[in-house]
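>>> Sequence and predicted structure below; questions after.
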Amino acid sequence: MVKASWALILWLCLVLPAAAQSKPEVRKPVRPAWSELTPAQQQVLAPLKPEWEDLDATRRKKWVEVAGRYPKMKPEEQQRLQKRMIEWVKLTPQERKAAREKYQSLQKLPPTKRQEMATEWQRYQKSLAQQQRRQGAPLDPALTDPPDSAGATTPAAETSASK
């Protein structure tokens, strides 16, 4: 009887840890799923649909917030957002990471330094536009966004409102 008890204990000690390790990892689905978005949200976020399932919950939530602000945006801002989402989807994961890091580093700067950088960027855009006009080259709208867009210098800005 004692031998049987010891055999049972030994068997349980060997089998239970192995059984615990062999359980498949059950992951909760990340929410919201694409199918849970409203038709309006799906329309706004359409450029992100191919990779929606790869986004973590935090990024999905931020994009849903962006979609919520979309109807209140001016038409030019809506176009800019759509264009930047398309550009964002085309970036490699390394490029996205670099954009997020750049955005975060810019956010850490004092407001005066950020304003200086925005002013310098506007000066550069104007200079580039003048140079393109002199050369007769068509203007690239991405390089000559109006000055009120200085706050949204990277596609990561939409994701921090950091994909």
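Noted; the coordinates are in hand. Keep in mind the model is a prediction, meaning the values are calculated, not measured.
>>> Which residue is the nearest non-sequential neighbour of residue 114?
For residue 114, ignoring the flanking residues on the chain, the nearest one in space by C-beta to C-beta, 6 or more residues apart in numbering is residue 106 at 6.5 Å. To be clear about C-beta, it is placed using only N, CA and C from the backbone, and glycine gets the same treatment.
>>> tell me which element the one you found falls in.
helix 93-107 (DSSP states H and E).
>>> Can you name the next helix or strand after that helix?
helix 111-135.
>>> Quick check: mean pLDDT of that following helix?
Mean pLDDT, helix 111-135: 89.
>>> tell me which residues of it are tucked away?
Residues of helix 111-135 classed as buried by neighbour count (16 or more other C-beta atoms under 10 Å): 114, 118, 125.
>>> Equivalent analysis for stretch 67-76, please.
67, 70.
>>> and what of stretch 50-70?
52, 55, 59, 60, 62, 63, 64, 66, 67, 70.
>>> Find the pair from those with maximum spatial separation.
55 and 70 (17.5 Å; C-beta to C-beta).
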